[in-house]
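Asker: sequence? don't have it. structure:
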């Protein structure tokens, strides 16, 4: 099973908020998840990012592949 760290969309129409989750690479965008790592709200100024840094480091260490957006979030949080 290959794992990915990616965004899961929540929130209302035209006001998206995302959860940063670890999931199986074959599951759908809003499908089942292994673990929730935090939230990302791009509508706030500045962007609101809440992240469990220890768990994110753990999953990166285990070989989980990040999506492009999550990759930039992890760089901002100085995890990667």
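Answerer: Cool, got the structure. The shown structure was predicted, so the numbers you read here are calculated from the model rather than taken from an experiment.

Asker: how about the strands in the protein?
Answerer: With strands called from DSSP state E, the chain shows them at 3-12, 15-24, 35-41, 48-51, 65-66.

Asker: residue ranges in this structure under the pLDDT threshold?
Answerer: 1 (pLDDT under 70).

Asker: ok, the most centrally placed residue in it - contacts?
Answerer: When C-alpha atoms, centre = their mean is applied to the chain, the residue found nearest the centroid is residue 20 (2.3 Å). Counting by C-beta atoms under 8 Å, 6 or more residues apart in numbering, residue 20 touches 5-8, 36-40, 51, 56, 70, 73. For the C-beta atoms, the positions are set from N, CA and C on the backbone; glycine is no exception.

Asker: let me see the contact set for residue 11.
Answerer: Taking C-beta under 8 Å, 6+ apart as the test, what residue 11 contacts is 17-18.

Asker: could you measure from it over to residue 65?
Answerer: Note on residue 11: its distance to residue 65, by C-beta to C-beta, to the nearest Å, is 25 Å.

Asker: ok, back up a step: buried subset of the contacts of residue 20?
Answerer: Taking 16 or more other C-beta atoms under 10 Å as the criterion, what is buried in the contacts of residue 20 is 5-8, 37-40, 51, 56, 70, 73.

Asker: of those, closest to residue 26?
Answerer: residue 6 (12.3 Å; C-beta to C-beta).
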